[in-house]
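In: Sequence first, then the predicted structure, then my questions.
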Amino acid sequence: METIETDRLVLRNFQGGDAADLFAYLHRPRASCFFSLTLETMEAAAVEVRKRGKSDDHIAVCLKETNKLIGDVFAIPEEDTFSVGWNFNADFSGAGFASEAAYALFAYLFNVKGARRLYAYVEDHNAASQRLCERLGMRQEGLFKEFVSFHKNEVGDPIFENTMQYAILRKEWHSCD
């Protein structure tokens, strides 16, 4: 993908030097939806960086001044629709980086890639991501009860989570852009 720059960030493809920073936030993911991406070793992080570097689906979010990876955004294409999301290192939360990166991603998807619709799945207990969706102009389209399981209880039974779906259409984006 082409590199996207904002005031404080650079969104780019993953590169070899990103493994340690990716490991920092995927060693113990905060959001349950990322449990399946847990990295156990630095070697696993290096493999994941190489895999992500070959695709435009996962986009590295780096501080502009230092090129330090602080998180990632993703955009999985489905014809003229994209499934979108974000995952950031907790050490960088509260500074508006996720909002800045997601806004840049949305602008790119609508204005460059010609997306018609973007949607995101958010667990009903992930208030921060819900607020981010709303700041981006997304609307809640539904709540899927006991939609998916990312982990199990102490006896091995799946724990199902309620998941909200947020979405925004290109015509809605341009009206709030």
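Out: In hand now; what should we look at? Since the structure is predicted, the reported quantities are computational estimates derived from the model, not experimental observations.
In: Need the contact partners of the strand or helix carrying residue 98.
Out: Using DSSP states H and E, residue 98 falls within helix 97-111. Residues outside helix 97-111 that contact it (C-beta atoms under 8 Å, 6 or more residues apart in numbering): 4, 6-9, 11, 59, 61, 70-71, 73, 75, 82, 84, 86, 88, 115, 118, 128, 132, 135-136, 168, 170, 173-174, 177. Quick note: C-beta positions are derived from backbone N, CA and C, even for glycine.
In: Distance-wise, check the closest residue to residue 63 other than its chain neighbours relative to residue 10.
Out: Among residues not flanking residue 63 along the chain, residue 70 sits closest, at 6.0 Å (C-beta to C-beta, 6 or more residues apart in numbering). From residue 70 across to residue 10, the span is 10 Å (C-beta to C-beta, to the nearest Å).
In: okay, those two: which has more neighbours?
Out: residue 70 (22 against 19; other C-beta atoms under 10 Å).
In: hang on, that one in a strand?
Out: Yes: using DSSP: H, G, I helix; E, B strand; the rest coil, the secondary structure at residue 70 is a strand.
In: in stretch 59-66, what counts as buried?
Out: 59, 60, 61, 62 (16 or more other C-beta atoms under 10 Å).
In: What lies in contact with it?
Out: 1, 5-15, 18, 52, 68-75, 86, 88, 97, 101, 105.
In: Quick one: distance of that stretch to the chain centre.
Out: Centre-to-centre, stretch 59-66 and its host chain are 14 Å apart (C-alpha atoms, centre = their mean, to the nearest Å).
In: hey, C-alpha coordinates of it in PDB?
Out: Provided in PDB are the C-alpha atoms of stretch 59-66 (Å, rounded to 0.1, in the frame of the first residue of the first chain):
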ATOM      1  CA  ILE A  59      -1.100  -1.800   8.200                       C
ATOM      2  CA  ALA A  60       1.600  -0.700  10.700                       C
ATOM      3  CA  VAL A  61       0.900   2.500  12.600                       C
ATOM      4  CA  CYS A  62       4.200   4.200  13.600                       C
ATOM      5  CA  LEU A  63       5.200   7.400  15.300                       C
ATOM      6  CA  LYS A  64       6.300   9.900  12.600                       C
ATOM      7  CA  GLU A  65       9.300  11.200  14.500                       C
ATOM      8  CA  THR A  66      10.800   7.800  15.400                       C
END
